[in-house]
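*Asks:* sequence-free structure coming up:
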């Protein structure tokens with residue numbers, strides 16, 4: 001039987017991908033006034049943090065294309081991105097995001113209770129001590145960025161490219 005975390009993760013990811021259906025690349029690269037990121041950054045950030053939360057802390061390799069850490073890790077922004085790195089296309093990110101939940105489930109279905117040693121403490125002070133706890137927090141994190149993307153789309157509606 002599928003663990004609820006995988007079911008919920010697939011649901012949230014479907015909602016994230018639906019939120020960018022029909023989105024033009026130019027819109028995805030536009031930073032709304034007063035913000036420091038664009039929709040494409042949010043998508044890449046979700047992908048990158050999912051890799052880190054699912055795999056890195058238990059010593060498994062992350063599936064990250066070159067430059068993703070420099071472009072999408074916490075604290076990064078297109079406003080200060082290395083000029084030597086190009087952002088991936090919207091289509092490339094959508095493909096990566098589509099396959100990630102199944103890969104995480106295949107790899108971690110039998111490892112949810114595996115401990116994280118030492119436990120990880122987030123920047124907000126939350127202590128995570130197992131794979132299951134990381135994946136659970138990931139739902140919250142991805143939901144935050146889904147909300148940001150929906151907000152950006154509202155702000156960018158009618159904005160000339």
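*Replies:* Yes, it's here. Being a predicted model, the structure only gives us computed values, none of them experimental.
*Asks:* The one residue sitting closest to the centre of the chain: helix or strand, and which one exactly?
*Replies:* Using C-alpha atoms, centre = their mean, the residue of the chain that lies closest to the mean C-alpha position is residue 46, 0.7 Å off. Using DSSP states H and E, residue 46 falls within helix 39-54.
*Asks:* Could I get the average pLDDT for that helix?
*Replies:* Mean pLDDT, helix 39-54: 97.
*Asks:* quick one: residue 130 and residue 114, what's the gap?
*Replies:* 6 Å (C-beta to C-beta, to the nearest Å). To be clear about C-beta, it is placed using only N, CA and C from the backbone, and glycine gets the same treatment.
*Asks:* hmm, I was thinking of residue 51
*Replies:* Residue 51 is 17 Å from residue 114, where distance means C-beta to C-beta.
*Asks:* higher neighbour count, the two?
*Replies:* Legend: neighbour count by other C-beta atoms under 10 Å for residue 51 and residue 114, higher for residue 51 (22 against 16).
*Asks:* Verify the contact between that one and residue 60 for me.
*Replies:* No: contact criterion C-beta atoms under 8 Å: residue 51 and residue 60 do not qualify, at 9.6 Å.
*Asks:* Number of residues surrounding residue 152?
*Replies:* Neighbour tally, residue 152, other C-beta under 10 Å: 23.
*Asks:* Can you show me the strands along this structure?
*Replies:* 115-121, 127-130 (DSSP state E).
*Asks:* Quick one: residues contacting the residue lying closest to residue 129 once chain neighbours are set aside.
*Replies:* Once flanking residues are discounted, residue 129 sits nearest to residue 119: 4.1 Å by C-beta to C-beta, 6 or more residues apart in numbering. Neighbouring residues of residue 119 by C-beta atoms under 8 Å, 6 or more residues apart in numbering: 127-129.
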